[in-house]
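A.B. asks: Sequence isn't available, so here's the structure alone:
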Ligand SMILES: [Zn+2]
Ligand SMILES: [Zn+2]
């Protein structure tokens, strides 16, 4: 059985709470919201970062990661994302203004750049180390993909749908792909903040309950992430108070999910 470790489970930072990052193995992670604090020096082993989208809480540790371990790295840090994601990161962070462009800086004693950016597309499968990652578009404020994660030799997969508003494609994927044993879905705001959630293209417990009406399976484990920490008690109460969401498991930093 394979497992992933939740390095950051939240949609904003607070003391002891990190933003989105999932560790698939020592070398492969999805999103870079919280890598350095939970991993410490082990973060130097990361070779592949698959991004869901460009928002700050999903990329925050990327500039620090490439800088902190620059002297000890001999292999590039491979960063994968949609064209929009990579363009935004290059234009607004690695632009020699906010931060050096590490894709132009070779590692010490090599011709290899410290970062290699890779543009990926929705509805494709990418193989890296022992994983197959299939990209599925979500419905967020900026172009965003989730990932169906399979580890070689395992029959089951797990689907992380990332930041999203209401999105038929997510439920189509879990209904049609019975190998998916677990889904990680977001729920960022309490139901009373539906207007704010809609404007930012996020879900609330009430919206998630409406989405779950489209789920045709009863064997899917569903985990919830990306709560805003200051609003988490209300969100957790509301999830527990609805028949369609009361069995969902709310994630915290450090959780391990088997699939
Ligand atoms: Zn987010
Ligand atoms: Zn976002």
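C.D. replies: Received, thanks. As the structure is a prediction and not an experimental result, all values here were calculated from the model. Numbers count the residues shown, from 1 in each chain. Ligands and ions are numbered 1, 2, ... in the order given.
A.B. asks: residue contacts, residue 155?
C.D. replies: residue 179 (Cβ atoms under 8 Å, 6 or more residues apart in numbering). C-betas here are computed from N, CA, C, even on glycine.
A.B. asks: Would you pull up the residue in the stretch 151-259 of the chain closest to ligand 2?
C.D. replies: Here the residue of the stretch 151-259 of the chain nearest ligand 2 is residue 163; by Cβ to the ion that distance is 3.6 Å.
A.B. asks: Tell me if I'm right that that residue and residue 52 touch.
C.D. replies: Yes - the pair residue 163 and residue 52 qualifies as a contact (Cβ atoms under 8 Å) at a distance of 6.8 Å.
A.B. asks: list residues touching both of those two?
C.D. replies: Common neighbours of residue 163 and residue 52 are listed as 58, 138, 144 (criterion: Cβ under 8 Å, 6+ apart).
A.B. asks: burial of the first one, as a residue count?
C.D. replies: Just to be clear, that refers to residue 58. The local packing of residue 58 (other Cβ atoms under 10 Å) involves 27 other residues.
A.B. asks: part of a helix, is it?
C.D. replies: Yes - residue state for residue 58 (DSSP: H, G, I helix; E, B strand; the rest coil) corresponds to a helix.
A.B. asks: Three-state assignment for the residue of the stretch 151-259 of the chain closest to ligand 2, please.
C.D. replies: Assigned with three-state DSSP, residue 163 falls in the coil class.
A.B. asks: so what's it closest to, chain neighbours aside?
C.D. replies: residue 140 (4.6 Å; Cβ to Cβ, 6 or more residues apart in numbering).
A.B. asks: do residue 108 as well
C.D. replies: Once flanking residues are discounted, residue 108 sits nearest to residue 71: 6.2 Å by Cβ to Cβ, 6+ apart.
A.B. asks: and if you look at residue 1?
C.D. replies: Excluding the flanking residues, the one nearest residue 1 by Cβ to Cβ, 6+ apart is residue 258, at 5.1 Å.
A.B. asks: so what pLDDT did the one you found get?
C.D. replies: Note for residue 258: predicted pLDDT of 96.
A.B. asks: give me the residue from the chain nearest ligand 1.
C.D. replies: Nearest to ligand 1, among the residues of the chain, is residue 163, at 4.2 Å (Cβ to the ion).
A.B. asks: how about the residues of the stretch 151-259 of the chain that lie near ligand 1?
C.D. replies: residue 163 (Cβ under 5 Å from the ion).
A.B. asks: Please enumerate the strands of the stretch 151-259 of the chain.
C.D. replies: 157-160, 180-186, 221-225, 249-250, 256-258 (DSSP state E, counting those that start in this stretch).
A.B. asks: and the ones you listed as TSV, adding distance to residue 208 and mean neighbour count?
C.D. replies: Formatted as TSV, the strands of the stretch 151-259 of the chain follow (distance: least, Cβ to Cβ, whole Å; neighbours: other Cβ atoms under 10 Å):
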stretch	distance to residue 208	mean neighbour count
strand 157-160	15	25
strand 180-186	7	23
strand 221-225	8	20
strand 249-250	12	16
strand 256-258	18	13
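A.B. asks: Let's have the ones you listed in CSV, adding distance to residue 204.
C.D. replies: Below are those laid out as CSV (distance: least, Cβ to Cβ, whole Å):
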stretch, distance to residue 204
strand 157-160, 19
strand 180-186, 10
strand 221-225, 11
strand 249-250, 14
strand 256-258, 23
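A.B. asks: Can you tell me the SS state at the residue of the chain most remote from its centre?
C.D. replies: Most distant residue from the mean C-alpha position of the chain: residue 109, 33.1 Å away (Cα atoms, centre = their mean). Under three-state DSSP, residue 109 falls in the coil class.
A.B. asks: Pull the number of nearby residues for the closest residue to ligand 2 within the stretch 1-150 of the chain.
C.D. replies: Nearest residue of the stretch 1-150 of the chain to ligand 2, counting by Cβ to the ion: residue 55, 3.5 Å away. By other Cβ under 10 Å, the residues close to residue 55 number 23.
A.B. asks: cool, residue 97 as well?
C.D. replies: Applying other Cβ under 10 Å, we find 10 residues neighbouring residue 97.
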